[in-house]
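*Asks:* please work out how this folds:
(3 chains)
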Amino acid sequence: MAATISKKRTLDSFFTPKSSKKARLIEDIHHEPANTADSITQSENQSQPSSQHSTYPFPIPHLRPQIANELSAIPASSGKEIDNKPDLDLLYFQPYIPRKISTPLFNFLRSSLFFYRVKYKIKRGAIETEINTPRYTTVFGVDSTSLFTADGALIDSITKSPIPSDRYRTCQPRPIPSCLDELRKRTEECTGASYNFCLVNYYASGVDSISYHSDDERFLGPSPSIASLSLGANRDFCMKHKPVPPSTNMPPPSATPFLCKHKDSDKPLKLPLTSGDMVLMRGSTQAKWLHSIPKRKGAGADEGRINITFRRALEKGGTENYYRYNVGSGVVWKWDGAAGEMREWVGVKEVEALGR
DNA sequence: GTACCTAAGCTAT
DNA sequence: AATAGCTTAGGTA
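*Replies:* Residues are numbered from 1 along each chain as shown, chains lettered A, B, ... in the order given. I've put the predicted structure just below:
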């Protein structure tokens, strides 16, 4: 284990999470790995059971029994099929998470996870602009070419040997922590799909948003199943059909001189998401439809919302993409309950860790 | 109904 | 895939 960590450290020297240094110091003190049986297990030096990994800035607590005991009550209602529009295939649960635990789960996740505000550059013609992603993001998981062992090492899915050192050049994949993995497993049972990624977004207020896009990357395959859970504030989930590409054939002469943007059947739709709801998007939904969480003013626009998505990436390019756009290379943000907002997280000083 | 105001929607960059 | 800037929708007095 210690050898694995050192190797990781060398490979990923480009990133140096502070808790990893701390983990090594703890190993030195205790003469055993800080990460015991798994990445996802209780460690000796804290009272509360938690998931730990060399890539985590700090341990992530397991679900409390109050919450964990209710997981078997998921789904809290049967999903409504929405497939009455062209190329659309949704299953809408109102709610999915039992009302009894949706607020505790929201508060638990907001105060337990680490987040990022990713910056990246795009080129529009000749002009390069910097984008500040207008929400907090974080991600866990690895594509299906690799697996995490119980102790947090990455192995090849087929050979079961340690992955080649050059498989992930731009990121350090992180295992899904127990608290989110419990939700993942339950969601696999509810949807019949399998997931190897968990993306988490935090919309701090109505100012945070995601603009229209599709999760239609090649690495998800042609008809991905994506489960999207909502916790916290109410927000609208807007969907609209992608523009139909111009036909190569000669269009038939139209009786009406006006170009219709939408047939009645594929008009945009707006799903009002409340805490605990889930939308399963499947079939040709990603190939043919766009979705967004638009900015909002007025009632509730000052409250935070968490979105969790489970999905399956089939290629290593998916792993690199997700870590680039949901973790990036910036500072860590963590919920400050007293301040009522996300604050930059500063790691524990090594001397303090040693001094106790 | 009409004037006015703000939120929401649309589109080019 | 985000935003500025413009257009449209909707509420209210």
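
*Asks:* can we go C-alpha only for contacts and neighbour counts from here?
*Replies:* Will do.

*Asks:* now name the helix or strand holding residue A:320.
*Replies:* Element membership for residue A:320 (DSSP states H and E) is helix A:316-326.

*Asks:* buried set for that helix?
*Replies:* For helix A:316-326, a neighbour-count test (16 or more other CA atoms under 10 Å) marks A:316, A:318-326 as buried.

*Asks:* let me know the closest of these to DNA strand C.
*Replies:* Relative to DNA strand C, the closest of these is residue A:325; by CA to the nearest atom of the strand it sits at 7.9 Å.

*Asks:* pLDDT score for the residue nearest the centre of chain A?
*Replies:* Taking CA atoms, centre = their mean, the centroid of chain A lies closest to residue A:199, which sits 0.6 Å from it. Per-residue confidence (pLDDT) for residue A:199: 98.

*Asks:* and it, helix, strand or coil?
*Replies:* strand (DSSP: H, G, I helix; E, B strand; the rest coil).

*Asks:* let me see the contact set for it.
*Replies:* A:137-140, A:308-310, A:326 (CA atoms under 8 Å, 6 or more residues apart in numbering).

*Asks:* kindly report the residues of chain A close to DNA strand B.
*Replies:* Residues of chain A lying near DNA strand B by CA under 7 Å from any atom of the strand: A:124, A:294-298.

*Asks:* any of these buried? List them.
*Replies:* The neighbour count (16+ other CA under 10 Å) marks A:294-296 as buried among the residues of chain A next to DNA strand B.

*Asks:* and the residues you listed as a markdown table, adding pLDDT?
*Replies:* Shown next, in a markdown table, are these (pLDDT from 0 to 100):
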| residue | pLDDT |
| --- | --- |
| A:294 | 96 |
| A:295 | 96 |
| A:296 | 96 |
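
*Asks:* so which of those belong to strands?
*Replies:* Assignment to strands by DSSP state E places none of these there.

*Asks:* what about the closest residue to residue A:161 other than its chain neighbours, how many residues close to it?
*Replies:* Closest residue to residue A:161 apart from its sequence neighbours, by CA to CA, 6 or more residues apart in numbering: residue A:155 at 5.1 Å. Per other CA atoms under 10 Å, the neighbour tally for residue A:155 reads 17.

*Asks:* does residue A:155 really touch residue A:173, like I thought?
*Replies:* No. The criterion here is CA atoms under 8 Å, and residue A:155 misses it with residue A:173 at 11.7 Å.

*Asks:* now do stretch A:335-349: everything it contacts.
*Replies:* Contacts for stretch A:335-349 (CA under 8 Å, 6+ apart): A:18-19, A:57, A:110-114, A:204, A:331-334.

*Asks:* just how off-centre is it within its chain?
*Replies:* How far stretch A:335-349 lies from its chain's middle: 20 Å, per CA atoms, centre = their mean, to the nearest Å.

*Asks:* what mean pLDDT does it get?
*Replies:* Stretch A:335-349 comes out at a mean pLDDT of 93.

*Asks:* next: stretch A:106-119.
*Replies:* Averaged across stretch A:106-119, the pLDDT comes to 98.

*Asks:* buried ones in that stretch, by neighbour count?
*Replies:* Here stretch A:106-119 shows A:106-110, A:112-119 as buried, counting by 16+ other CA under 10 Å.

*Asks:* can you lay out these as JSON lines showing secondary structure?
*Replies:* Shown next, in JSON lines, are those (three-state DSSP):
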{"residue": "A:106", "secondary structure": "helix"}
{"residue": "A:107", "secondary structure": "helix"}
{"residue": "A:108", "secondary structure": "helix"}
{"residue": "A:109", "secondary structure": "helix"}
{"residue": "A:110", "secondary structure": "helix"}
{"residue": "A:112", "secondary structure": "helix"}
{"residue": "A:113", "secondary structure": "coil"}
{"residue": "A:114", "secondary structure": "strand"}
{"residue": "A:115", "secondary structure": "strand"}
{"residue": "A:116", "secondary structure": "strand"}
{"residue": "A:117", "secondary structure": "coil"}
{"residue": "A:118", "secondary structure": "coil"}
{"residue": "A:119", "secondary structure": "strand"}
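
*Asks:* and the residue lying closest to residue A:220 once chain neighbours are set aside, what element?
*Replies:* Leaving out its chain neighbours, the residue that sits closest to residue A:220 by CA to CA, 6+ apart is residue A:313, at 4.9 Å. Using DSSP H and E, residue A:313 falls within no helix or strand.

*Asks:* what's the spacing between residue A:313 and DNA strand B?
*Replies:* From residue A:313 over to DNA strand B the distance is 27 Å, taken as CA to the nearest atom of the strand, to the nearest Å.

*Asks:* wait, doesn't that residue sit right on residue A:319?
*Replies:* Yes. Residue A:313 is in contact with residue A:319 according to CA under 8 Å; the separation is 7.3 Å.

*Asks:* which SSE is the residue nearest to residue A:161 in?
*Replies:* Per DSSP H and E: residue A:155 is located in strand A:154-156.

*Asks:* hmm, who's touching that strand?
*Replies:* A:145-149, A:161-163.
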